[in-house]
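Peer 1: have a look at this prediction, sequence included:
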Amino acid sequence: MSEPGTYRSVPGRIDLPVMEREILDFWRDRRVFERSLEATADGEPWIFYEGPPTANGTPGAHHVEARVFKDVFPRYRTMKGRHVPRRAGWDCHGLPVEIAVEKELGFAGKQDIEAYGVAEFNARCRESVLRHVDEFTVMTERMGYWVDFDDAYWTMNTDYIQSVWWSLKQIFDAGLLVEDHRVSPYCPRCGTGLSDHELAQGYETVVDPSVFVRFPVTSGDLVERHPGVALIVWTTTPWTLVSNTAVAVKPEAEYVIARTANGEVLVVARDLMSSLLGDDAVVLESLTGRDLERVSYQPPFNLVEIPDAHYVVLAEYVTTDDGSGLVHQAPAFGADDLAVCRAYGLPVVNPVRSDGHFEESVPLVGGMFFKKADETLVADLTERGLLFRHVPYEHSYPHCWRCHTALIYYAQPSWYIRTTAVKEQLLRENGATNWFPPTIQWGRYGDWLTNNVDWAVSRNRYWGTPLPIWRCTEGHLVAVASLTELGALAGVELSNLDPHRPFVDDITFDCATCGAVATRVPEVIDCWYDSGAMPFAQLGYPHRNVAEFEQSYPADFICEAIDQTRGWFYTLMAIGTLVFDRSSYRNVVCLGHILDEQGRKMSKHVGNVLEPVPLMDEHGADAVRWFMLAGGSPWQARRVGHHSIADVVRKTLLTYWSTVSFQSLYARAANFEPSITVVPPPAERPVLDRWALSEAHRVAAEVDAALESFDTQRAGRAISSYIDDLSNWYVRRSRRRFWDGDPAALGTLHECLRIVTLVIAPFTPFIAERVWGDLFASTSPDEPESVHLSRWPAVDLGLIDPDLVAQVELTRRIVELGRGARAEGKVRTRQPLSRALVSASGWDTIDPELAAQVAEELNVLALDSLSGQVADELVDVVAKANFRALGQRYAKDTPRVAAVIAAADALSLARSLRETGTVSVTVDGLGDVSLTSDDVIITETPREGWSVASDAGASVALDLHLTDELRRMGTAREIVRMVQEARKSAGFEVSDRIELWWWSEDADITAAMAEHSAWIAGEVLATTVVANRPDVEAFESGDADLGVGIAVRRTTD
RNA sequence: GGGCCUAUAGCUCAGCUCGGUUAGAGCGCUUCCCUGAUAAGGAAGAGGUCGAUGGUUCAAGUCCAUCUAGGCCCA
C-alpha cells in the first residue's frame, strides 16, 4: 500500500493479462459495475438493448467484436452521467439448439425425435442451452463487457413466452397473422420451412446440372406446318421435371422455329438461338410468345398422373437472357410456377414427401432423395433421346443455414405475419432511425424493406415458443395471450404450466363460437421472433413491469454485425412497428465482419477461428478491445490476427503505460503530492506545459464528439496520437525538469494523464483502471476509487490555444529538418555546432522557449533567423506559386500567374513581400497582378559551407565549421554518454549518486575533462571525479576508439 | 441478374465529405543518429502509373460516368 498523497510505484514493464485479472477481482470485490449504475440512478436513462446470442456452440472473435462496441458506448454514456441499465439476454430456442442436441443423440431426423419423446427432447435442449451459456459468460467477463447476468432474460422462460404470446395475439387480432399455403423454402432434413431472413444466411455456391430438354409438340397447326417440331425447355432442377405441368413463355418475346444443321426443328427464343442452335441454324418461322399459348406437348416423364396439363402458358417473369426462353413449370416447387399455373387452373401435383424423398409409388425414382434423382432422370432422358444439352451450371443456391442441406421450394401450409401490410410504416420508422454507417439505411436495409415479403413465422419443430393459436374442428381460431387466459378457457389452473411442447399441446377447450373441441395448432415460431420481441418480453410486459417498459422503449442504442440487417435489426423493427406502431431503436451501429489475417471469413470448417479467451490471455483484453475499436473502420470488414493486435499494444498501450511509469518514478523521487504540492496556474507554466494541456483538452473534446457519433476509430486516432505526442515530445523535451522535480512539469503531466486515462477508460477499461488507482485515486480523496465511477473530463476551452499548437508544430518541423541537415552533413548530434539558421513562415515570432528547444534538440549553441538578418547574398531564394490561394482568384489563369512567379527574380520578390507585404507582377492578359505572401511560397536556402534541409518553404541550415572548443564539448558529451551506459550496465538507480574515475593518454580528452568535468559530474550525478584508475572495486568501462577508460561506483552513504 | 461496400507502398491502413501541383502513417527492409521512462524515439533511403478507361476542371487519389476484380447481401 502506498502512503496517502503520493503515487503508487508503477513498474516500467507490465504484464497486461496478469494486471487485467487483478482488475477483474477489484471490480468484483468492490462491486464497481453495480455502483456505476447506482451512482447514475438519477441520471437520464440511456437505453441499450442486448441482442441475445444464441446459446449454442462456443463464442468466437466476432462475438467479442460486437460486445466491445456494446460495452464502450454504455461506459462512455455512464461517464457522461446517463443511467445505462444493461440486461444480458440469451436466445434459447430454435433449430440450432435442436440440431446440436440431435447430433449429440445421434438422430437422423424428426422421426427419431418423435420416438425419443418431445418432452425428453426439449429437456435436453434446455440443458444444452444452460451448458453453453457458461462459455459466453466466461468470455464476456474476461473481456470486461459489463452486462447484468443476474437479471438476464431467457427467451425460454415462461414469462418471456407469455409476452411473446401476447404480442402474437395483438398481431392475430389485427388480422395480420394468417395461415396460407404457399411455396416456400423448406429444409427436408429439418422438416421445416425457413423464413426469408433465415434463407439469407445460407446461400452457397453449388454446381447443378443445367439441362435443355426436347418437349415434342403434339397439337395445333404448329405440328402441321413443322412435323417433328419440339420445344427446347430449360431447367436447373431436373428432379422437378417429374412433376412438369406446363411450359412458360414470355408473351411479348420473339421466338423462332428453326432448323438446325442436322435437320431438327426446334422452338427457342430468338435472343438465344445462336448460342443454343449454332450459327448455321435456319429460321423457318418467327412468332411471339403469345402465339405459342396453349400449344400442347409431350411431357418429359409419365411417372405421375397430371391431368389436363402439359401445354404452353404465358408468364411475364420469363426472361430470354438465360436458358432457352421456355421455362419448365412445376407448381409445387416454385412460387412463380404456382402463381402462373393457378391462373390457368392447372393442378398442383407433388410427388415429394416432406422428408425430401420421392413417394415410394413413383416409378424410376421412388424413395429417392430429391437431389439424388437428378442423375437418374437425366440418364433416362438421354436414353430416350430427349436431352438436348446438359451443362454444369454454377450458381448460388439456398441451403439450410444450420445443417447445410440444399433447400427445396415446396408448397405447404404455413403461418405468415403480413409484414407487407405495414410496409409503409416500416419505411417511415426506418426513415426515423440513425444508422451507423448511414449507407445501410436506404442501401442494404432500405432495399430489404422495399422488397419486403410476408414473414413465414411458423416452424414444424419442437424446441420453440409454441404458436398460441387454437383451432376447433370447425376451423374457428383463437389466439391466447397468457397461461391465465388459457386456463380460463380450459377451466383449469395453468399458471404453473410449462408453456413448451408437448405440455401445452395437451390443453384443449370448447370453441366459444361453435362448442367444438379446440386444440393448439402444431407449430412453434421462428426463434427470430423471440429475439425481436425482447424490448417488452425481457420485462414480461404487459403482464408485468408496465411502467418500466414504457420508460425503456425505444432503445437509444443497439449494435450488432451487418448480418443482422435481415435478422435482429429487422425483427426488432418489424415487431415494434406491428405491436406499438413504433420501431424499437433510434440509433443502430452496424459492424463489419471480422476476417482472418488472410482476409478469409472465420469458420470452423477452415479452422481459422480465433478463440477469444486464449487471445485475450495472450495479448490482454484491452489490446483486443483497442484493436476492435480503433484499428480500422468498425463499419468495414477487417482482418484480425496476433500480429496486428501485438502492434497496437506496443504502439499505444505500452507507450501510455511507460509515460505513467515515468511520471510515477520522478514524482515519487521528488515527493510530488498532486493534491498538496503547489503547482503554478497554467498561464504561468512554460510554453510546452501549456501546449500539452491545450492538446489534452482538445483531444477530450474531439473524443467526446467522435463518440457522440459512434465513431470509435476517429476517437481512437485522437487518443493514440496524443499519447504519442505526450510521450515522445512533451516528456522527452521536458525530461530535465522531471529530474529536477519541477512541480509545473509534474503537475502538467498529472493533469494530462488524468484526461487521457478518463477518455481511454471506455475503450481499455483495465489499464485505465490500474492507472487510475496508481496515480489518481491514491492521491486525491476527492476522486472515486474507480475510473469507471468518474465523470467524463470537463473540457476547458480557455486552455485550448490554437496559436500555441501551430508554434509547437513549427518547432517540431524545424527540428525534423535540422536532424535531416545533420544526417546530410554527417555530424553526429552529440557534437555541438556553433549555430543554425532557420527560415520559415512564423519563425520570427516563435516563443523563445520553443526556439531554445530547437537549439537543444539540434545541439547548436546559437539560433538565428535566416530571413532579414543575414545578407541576401548569403542565401538562394526560390519562389513558388501557392496554387490553392491563386486558384480561387485566377481559376483558368492560375498556370500563367504561377509561371510568372516562377520566372520572376525570386530575391526581389521576397524582399518586396518582406518589406511591404505585397508585390506586383505583370501577367499577359491580366496586366498587373498584386500578390501577397499567401500567394507565394518563399524558400530561402544558404549557400556555401552549410548543411541545409528545406521543405515546403521552411529551411534549416547548420554551420558545420568546428572549433577546438566545440570539439572538446563534443568529447565531454561522449564521456557523459559512456558513463550513463556504465551506470545502466552496473544496474544503478537513476537517482543514485556515484564516484567517477577516468584515465586517458589522449591530450584532447585530458583537455576536455579539464574544461568540463564539473558539468560532466552534474550530468551523471557524480559526487567526485578522479583522474585515475580506481584503487577500489568499481564498474569499469571505456572506449578504445576515443582512448579513454572510466569507472563508476555507487556512493556508499 | 440486382443492391451495398471495397480497391492507395511488400503487408495493414489513413487521406476522398470540402479538388490545389513533392500522396501520408504503422509494420518490414537498408544506412545512420539519439537515449538517466519507454525490447522506445528520430533522420535518410529503397518501395506508389492512388484498380482500369473516359469525362468535368486552370488543376483529379479526391467530383461524374463506364468497366474490372474482390467481399457481403439478395435473386
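Peer 2: All right, it came through fine. Residues are numbered from 1 along each chain as shown, chains lettered A, B, ... in the order given.
Peer 1: pretty sure residue A:467 sits against residue A:525.
Peer 2: Yes - between residue A:467 and residue A:525 there is a contact under CB atoms under 8 Å: 5.5 Å. (C-beta placed from N, C-alpha, C; glycine too.)
Peer 1: got any residues that touch both of these two?
Peer 2: A:168, A:457-458 (CB atoms under 8 Å, 6 or more residues apart in numbering).
Peer 1: and which of the residues you listed is nearest to residue A:929?
Peer 2: Proximity of the shared contacts of residue A:467 and residue A:525 to residue A:929 (CB to CB) peaks at residue A:457, which lies at 74.1 Å.
Peer 1: low-confidence stretches in chain A?
Peer 2: A:1-4, A:195-205, A:321, A:394-396, A:401-402, A:596-608, A:866-875, A:941-953, A:1052-1053 (pLDDT under 70).
Peer 1: ranges for the strands of the stretch 951-1053 of chain A?
Peer 2: Under the criterion DSSP state E, counting those that start in this stretch, the stretch 951-1053 of chain A carries strands at the ranges A:954-959, A:994-1000, A:1022-1026, A:1035-1039, A:1044-1050.
Peer 1: RNA strand B: which of the ones you listed is closest?
Peer 2: Nearest of these to RNA strand B, taken as CB to the nearest atom of the strand: strand A:954-959 at 9.8 Å.
Peer 1: now do the contacts for residue A:482.
Peer 2: Applying CB under 8 Å, 6+ apart to residue A:482 gives the contacts A:162, A:165-166, A:543.
Peer 1: for these, which one is nearest residue A:450?
Peer 2: Once CB to CB is applied, the member of the contacts of residue A:482 that ends up nearest residue A:450 is residue A:166, at 30.0 Å.
Peer 1: only alpha carbons, please: show the host helix or strand of that closest one as CSV.
Peer 2: Under the criterion of DSSP states H and E, residue A:166 resides in helix A:158-173. What follows is helix A:158-173, C-alpha atoms only, in CSV (Å, rounded to 0.1, in the frame of the first residue of the first chain):
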residue,chain,number,x,y,z
THR,A,158,-42.4,-18.8,-19.0
ASP,A,159,-42.8,-15.0,-18.5
TYR,A,160,-40.9,-14.3,-21.7
ILE,A,161,-43.0,-16.7,-23.7
GLN,A,162,-46.2,-15.2,-22.3
SER,A,163,-45.1,-11.8,-23.5
VAL,A,164,-44.4,-13.2,-26.9
TRP,A,165,-47.8,-14.8,-26.9
TRP,A,166,-49.4,-11.5,-26.0
SER,A,167,-47.7,-9.8,-28.9
LEU,A,168,-48.7,-12.6,-31.3
LYS,A,169,-52.3,-12.2,-30.2
GLN,A,170,-52.1,-8.4,-31.0
ILE,A,171,-51.0,-9.3,-34.5
PHE,A,172,-53.5,-12.1,-34.9
ASP,A,173,-56.4,-9.9,-33.7
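Peer 1: same for it, what does it pack against?
Peer 2: Judged by 3 or more CB pairs under 8 Å, 6 or more residues apart in numbering; DSSP states H and E, the packing partners of helix A:158-173 are strand A:477-479, helix A:527-532, helix A:534-537, helix A:568-580.
Peer 1: tabulate the ones you listed (TSV), appending mean neighbour count.
Peer 2: Below are those laid out as TSV (neighbours: other CB atoms under 10 Å):
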stretch	mean neighbour count
strand A:477-479	18
helix A:527-532	27
helix A:534-537	26
helix A:568-580	24
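Peer 1: for residue A:242, find the nearest of those.
Peer 2: For residue A:242, the closest of the helices and strands packed on helix A:158-173 is helix A:527-532, at 33.9 Å, according to CB to CB.
Peer 1: quick one: is that closest one near RNA strand B?
Peer 2: No - figure legend: helix A:527-532 not in contact with RNA strand B (CB under 7 Å from any atom of the strand); closest approach 12.0 Å.
Peer 1: can you pull the contacts of the spatially most central residue of chain A?
Peer 2: Nearest residue to the geometric centre of chain A (CA atoms, centre = their mean): residue A:634, 3.0 Å. By CB under 8 Å, 6+ apart, the contact set of residue A:634 is A:69, A:589, A:591-592, A:628, A:711-713.
Peer 1: okay, now the nearest residue to residue A:967 once chain neighbours are set aside: neighbour count?
Peer 2: The shortest distance from residue A:967 to any non-neighbouring residue, by CB to CB, 6 or more residues apart in numbering, is to residue A:1004 (7.0 Å). Using other CB atoms under 10 Å, residue A:1004 has 15 neighbouring residues.
Peer 1: list the contacts for residue A:1004?
Peer 2: A:967-968, A:971.
Peer 1: of these, buried ones?
Peer 2: A:968, A:971 (16 or more other CB atoms under 10 Å).
Peer 1: packing partners for the longest strand seen in chain A?
Peer 2: Assignment by DSSP state E gives strand A:203-216 as the longest strand of chain A. Helices and strands touching strand A:203-216, by 3+ CB pairs under 8 Å, 6+ apart, are strand A:230-235, helix A:373-383, strand A:387-398.
Peer 1: RNA strand B is nearest to which of the ones you listed?
Peer 2: It's strand A:387-398; of the helices and strands packed on strand A:203-216, that one is closest to RNA strand B (CB to the nearest atom of the strand) at 3.4 Å.
Peer 1: the closest one pairs with which strands, and in what direction?
Peer 2: Applying DSSP bridges to the sheet, strand A:387-398 is found paired with strand A:203-216 (antiparallel).
Peer 1: centre of the chain to whichever helix or strand comes after the strand it pairs with, how far?
Peer 2: Counting by DSSP H and E, the next helix or strand C-terminal to strand A:203-216 is helix A:221-225. The chain centroid and the centroid of helix A:221-225 are separated by 65 Å under CA atoms, centre = their mean, to the nearest Å.
Peer 1: CA atoms of helix A:221-225 as CSV?
Peer 2: The C-alpha coordinates for helix A:221-225 follow below in CSV (Å, rounded to 0.1, in the frame of the first residue of the first chain):
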residue,chain,number,x,y,z
ASP,A,221,-51.3,-26.2,-86.6
LEU,A,222,-47.7,-25.8,-85.5
VAL,A,223,-47.2,-29.6,-85.9
GLU,A,224,-48.9,-29.5,-89.3
ARG,A,225,-46.6,-26.7,-90.5
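Peer 1: quick one: contacts of that helix?
Peer 2: Here helix A:221-225 has contacts from A:217, A:229, A:257, A:285, A:292, A:295, using CB under 8 Å, 6+ apart.
Peer 1: Throw the strands of the stretch 951-1053 of chain A into TSV and include distance to residue A:834 and mean neighbour count, thanks.
Peer 2: Formatted as TSV, the strands of the stretch 951-1053 of chain A follow (distance: least, CB to CB, whole Å; neighbours: other CB atoms under 10 Å):
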stretch	distance to residue A:834	mean neighbour count
strand A:954-959	5	26
strand A:994-1000	26	21
strand A:1022-1026	27	15
strand A:1035-1039	25	16
strand A:1044-1050	25	21
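Peer 1: of those, which is nearest residue A:392?
Peer 2: The nearest among the strands of the stretch 951-1053 of chain A, by CB to CB, is strand A:954-959 at 66.0 Å.
Peer 1: for the stretch 401-550 of chain A, which segments count as helices?
Peer 2: In the stretch 401-550 of chain A, the helices defined using DSSP state H, counting those that start in this stretch lie at A:423-431, A:439-442, A:444-450, A:483-490, A:527-532, A:534-537, A:546-551.
Peer 1: now the third one: buried residues?
Peer 2: Applying a neighbour-count criterion of 16+ other CB under 10 Å, one finds A:445-446, A:448-449 buried in helix A:444-450.
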